[in-house]
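K.L.:
Quick one: sequence and predicted model below, then my questions.
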Amino acid sequence: MKQALTCLNDLKTLPFDQLIDVRAPAEYAQDHIPGAISLPVLSDAERAEVGTIYVQQDPFLARKIGAALVARNAATHLQGVLADRPGAWRPLVYCWRGGQRSGSFASILAQIGWRGGLVEGGYKSYRRLVVRALYETPVAPRLILLEGGTGTAKTAVLQHLQGQGQQVLDLEAMAQHRGSVLGGRPGGQPAQKMFESRIAMALAGMDAARPVFLEAESNKIGARIIPPMLWQAMLRAEHVRIQAPLRARADYLVENYSDLLADPALLIEKLEALAQFHGHAQVQAWQAMARAAQFQPLAEALIRQHYDPGYRRASRRAGAPRMVVELPGLSPQDLAQAAARIAGAVSPADSGSRPGL
């Protein structure tokens, strides 16, 4: 049974119990259809070996060796992950383009008696839907950007907005990066395609009649690039400015960059990247503060001398905000109240005329 994917929301109503990606682990790691588990019928090394034999020796020999490997790996899955699946279980299988790998595995499952299916066109058909959503189709919901200097807890305000029932697109969470030069997270970032999948699926599930809140970002978050249709919508979007006292911002950074501060050697290494903007003498002074564990003064210095000047330049390009939220501090109560104020000033009915917030 071939299962066509005509839109991203089709994934929410598939008449199957489990989506199975049989591509090699490296392919799955780069991106996969949301909700799919990885049951590769060829490992990365096996896939490379079969491909080399196909090109350099003999296609028939490659197919024969590939079939043996698929059968062996399928047996491992049947005796392992799939051992407890009941007779009524319905799997939906896919590979890169719905070809031999998925077809072979689906055939084995069918011989057992499971009424499964194949994703028509494989992963490529899903990827086309993501590309259509992010590269070809204008973003439908009205976007409201939260902007403010580093350390103004914009991400936390987003989380409060979400907790209060608002629609939120947390790009930094999807990119696994805090957006600044020191903003890397343990484990690194997802591949670009995975980042785009997360965005596309989130947007597909949103109500176009209601606003969507997100942080104002540059067009890159770490190494991940914001897709063009979303970026164009962000450039046109209204924005709300959040401001807070310097000391509160520095304290917030120290708390929220605790993973980086726990590794002073890594912090010192990352600070070196700022030498191109501030010179080696200044960076060495900041590095000395890091070695001495003077994290709060270091955070204040970075805000004053690096982050805020860059933010002011970007703010002049962005134009005047529709609303400025002055926070006395950055306690959870302060942030919850800020989120409530912002949500209360933005209503779906504004989307046509967009008056001042």
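P.N.:
Done, it's in. Numbers count the residues shown, from 1 in each chain.

K.L.:
how close does Leu5 get to Leu327?
P.N.:
44 Å (CB to CB, to the nearest Å). For glycine as for every other residue, the C-beta is placed from the backbone atoms N, C-alpha and C.

K.L.:
tell me which element Val324 is part of?
P.N.:
Using DSSP states H and E, Val324 sits in strand 323-326.

K.L.:
list the helices and strands the helix or strand just after that strand packs on?
P.N.:
Using DSSP H and E, the helix or strand that follows strand 323-326 in sequence is helix 332-345. Secondary-structure packing of helix 332-345 (3 or more CB pairs under 8 Å, 6 or more residues apart in numbering; DSSP states H and E): helix 154-163, strand 238-243, strand 323-326.

K.L.:
how about stretch 113-125 as PDB, C-alpha atoms only?
P.N.:
Provided in PDB are the C-alpha atoms of stretch 113-125 (Å, rounded to 0.1, in the frame of the first residue of the first chain):
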ATOM      1  CA  GLY A 113       1.400 -10.800   8.100                       C
ATOM      2  CA  TRP A 114       1.700  -7.100   9.100                       C
ATOM      3  CA  ARG A 115      -0.500  -4.800   7.000                       C
ATOM      4  CA  GLY A 116       2.000  -2.100   6.400                       C
ATOM      5  CA  GLY A 117       2.600   0.600   3.800                       C
ATOM      6  CA  LEU A 118       5.200   2.600   2.000                       C
ATOM      7  CA  VAL A 119       5.600   6.300   1.900                       C
ATOM      8  CA  GLU A 120       5.200   7.200  -1.800                       C
ATOM      9  CA  GLY A 121       8.400   8.900  -2.900                       C
ATOM     10  CA  GLY A 122      10.100   8.200   0.400                       C
ATOM     11  CA  TYR A 123      11.900  10.900   2.400                       C
ATOM     12  CA  LYS A 124      12.200  13.100  -0.800                       C
ATOM     13  CA  SER A 125       8.400  13.500  -0.900                       C
END
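
K.L.:
And that stretch, what's buried?
P.N.:
Neighbour counts over stretch 113-125 (16 or more other CB atoms under 10 Å) mark 114, 116-119, 121-123, 125 as buried.

K.L.:
hmm, back to that, of all the helices and strands packed on helix 332-345, which lies closest to Pro40?
P.N.:
Nearest of the helices and strands packed on helix 332-345 to Pro40, taken as CB to CB: helix 154-163 at 35.1 Å.

K.L.:
which other residues reach that closest one?
P.N.:
Helix 154-163 has contacts (CB atoms under 8 Å, 6 or more residues apart in numbering) with 146-148, 168, 170, 172-173, 178, 213-216, 242, 330, 332, 335-336, 338-340, 342-343.

K.L.:
For PyMOL, write the select line for the buried members of the residues you listed.
P.N.:
Selection of buried members from the contacts of helix 154-163 for PyMOL, criterion 16+ other CB under 10 Å:
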select buried, resi 146+147+148+168+170+172+178+213+214+215+216+242+330+335+336+338+339+342+343
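
K.L.:
can you give me the end-to-end distance of stretch 147-159?
P.N.:
15 Å (CA to CA, to the nearest Å).

K.L.:
now do stretch 216-230
P.N.:
12 Å.

K.L.:
buried ones in that stretch?
P.N.:
216-217, 221-222, 224, 226-227, 229-230.
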